[in-house]
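# with the sequence up front, the predicted model follows.
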Amino acid sequence: MNKRDLVRELAARTGLRLAQAQMVVEALFSVQDEPGIIASALRSGQRVSLPGFGVFEVRPRKPRKARNPRTGEPVDIPSRRVPRFKAGRYLKEFVAG
């Protein structure tokens, strides 16, 4: 399922027009132009918890050493923050069948 499919399914299930469903999806998930609600919350350090579905959060990644595959020279990779999603219990059970 891609974004277009998600918008169509949302419109079908809620009775919204396609344009309205598109606005809802953009408001939640966008990371371009105007960041969506989830991306904005993560960037500000907040955790987004949807009980039963899962949790979006940001985790720190420690600095590390790597090697340039072309030259073999060591490269320092700085610490950074990365987004993470952890599926909730009910989502895991539903997917498992």
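That came through fine. Numbers count the residues shown, from 1 in each chain.
# so what's P60 closest to, chain neighbours aside?
Sequence neighbours aside, R81 is the residue nearest to P60 in space, at 5.8 Å (criterion: C-beta to C-beta, 6 or more residues apart in numbering). C-beta coordinates here come from the backbone N, C-alpha and C atoms, glycine included.
# could I get the full set of strands for the protein?
48-50, 54-61, 64-67, 74-77, 80-87 (DSSP state E).
# report all helices and strands that the last one contacts.
Where contact means 3 or more C-beta pairs under 8 Å, 6 or more residues apart in numbering; DSSP states H and E, strand 80-87 is packed against strand 54-61.
# quick one, what contacts A39?
By C-beta atoms under 8 Å, 6 or more residues apart in numbering, A39 lies in contact with F29, S30, V31.
# now do the last one against S40, distance only.
Here V31 is placed at a distance of 9 Å from S40 (C-beta to C-beta, to the nearest Å).
# how close does the residue sitting furthest away from the middle of the chain sit to P78?
With distances taken as C-alpha atoms, centre = their mean, the residue sitting farthest from the centre of the chain turns out to be T71, at 34.0 Å. T71 is 19 Å from P78, where distance means C-beta to C-beta.
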